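S.K.: Coordinates for the following, if possible.
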Amino acid sequence: MSSPNDHLAALRKSYERAELDEKKSAADPLLQFERWLAEAIDARLPEPNAMTLATVGSDLRPSTRIVLIKGFDARGIVWYTNYHSRKGRELAGNPWAALQFHWVELERVVRIEGRVEQAGADESDAYFASRPLDSRIGAWASPQSEVIGGRDVLVKNAAVEAARHLLSPPRPPHWGGYRLVPDRWEFWQGRKSRLHDRLRYRTDEGGWLRERLAP
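M.R.: Next comes the predicted model:
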């Protein structure tokens, strides 16, 4: 049986679906993001709301994981998680982070950088209440990112928490929202011959400066 490594050098894809032109892109990166996200949802892509979150801990080791965007507006990009998780601990020590969406079928990437802050308690409470019951129980049951002896630990924890909270588990104090406040955006559109389109937006004197980057 051949190794996947034997085939890597031969893998090729020509990107020819679309283009990204300065004149047709939005002057505000949030509007451009809204446009692309809507197109990803309309295209029925698998989990168009999935994004990679990159953080850096006090040991200066970067780490990434997939989280789900749960809201966005002029204030920033929102997701929810356990504050005691590795990402939560890293954000507590270094609030700067990066997000990335990769919509493979549309040959598009969106990169977002900025400072992260916790969402307000009312906002987190409202979202938590909207989650399915098993997800709310799971937030209590999982000591996220901690070493556990086996899956049976989670099952037992979930049973205990379900019996304790019944049908109305409140939001755990260690669980809630984060908001990344962007100061840089990049929109990447795959193009033929690897001459990809890259538009970067960065804050400049209270507005947004749009620049084309070489691929």
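
S.K.: now residue 148, what's its secondary structure?
M.R.: coil (DSSP: H, G, I helix; E, B strand; the rest coil).

S.K.: That one is in contact with residue 141, isn't it?
M.R.: No. Using CB atoms under 8 Å, residue 148 makes no contact with residue 141, being 10.7 Å away. Backbone N, C-alpha and C define where each C-beta goes, glycine included.

S.K.: residues near the nearest residue to residue 104 once chain neighbours are set aside, how many?
M.R.: Leaving aside its sequence neighbours, residue 104 sits nearest to residue 45 (CB to CB, 6 or more residues apart in numbering; 8.0 Å). The number of residues packed near residue 45 is 15, by other CB atoms under 10 Å.

S.K.: before we move on, what about residue 173?
M.R.: 8.

S.K.: From residue 197, how far out is it?
M.R.: Separation of residue 173 from residue 197 (CB to CB, to the nearest Å): 45 Å.

S.K.: ditto for residue 189
M.R.: When distance is defined by CB to CB, residue 189 is 4 Å away from residue 197.

S.K.: Need the overlap of contacts for these two.
M.R.: 19, 20 (CB atoms under 8 Å, 6 or more residues apart in numbering).

S.K.: Identify the residues contacting the residue positioned nearest the centre of the chain.
M.R.: When the chain is reduced to its mean C-alpha position, the closest residue under CA atoms, centre = their mean turns out to be residue 51, at 3.2 Å. Neighbouring residues of residue 51 by CB under 8 Å, 6+ apart: 66, 67, 68, 69, 77, 79, 99, 100, 101.

S.K.: That one in helix, strand or coil?
M.R.: Following three-state DSSP, we place residue 51 in the strand state.

S.K.: Any idea what it is bridged to?
M.R.: residue 67 (DSSP bridges).

S.K.: Okay, strands next: where are they in this structure?
M.R.: Under the criterion DSSP state E, the chain carries strands at the ranges 50-56, 62-68, 71-73, 76-82, 96-103, 108-118, 175-189, 197-204, 207-212.

S.K.: Now render those strands as CSV, adding distance to residue 137 and mean pLDDT.
M.R.: Shown next, in CSV, are the strands of the chain (distance: least, CB to CB, whole Å; pLDDT from 0 to 100):
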stretch, distance to residue 137, mean pLDDT
strand 50-56, 23, 98
strand 62-68, 18, 98
strand 71-73, 23, 98
strand 76-82, 14, 98
strand 96-103, 28, 98
strand 108-118, 23, 98
strand 175-189, 12, 98
strand 197-204, 41, 96
strand 207-212, 42, 96
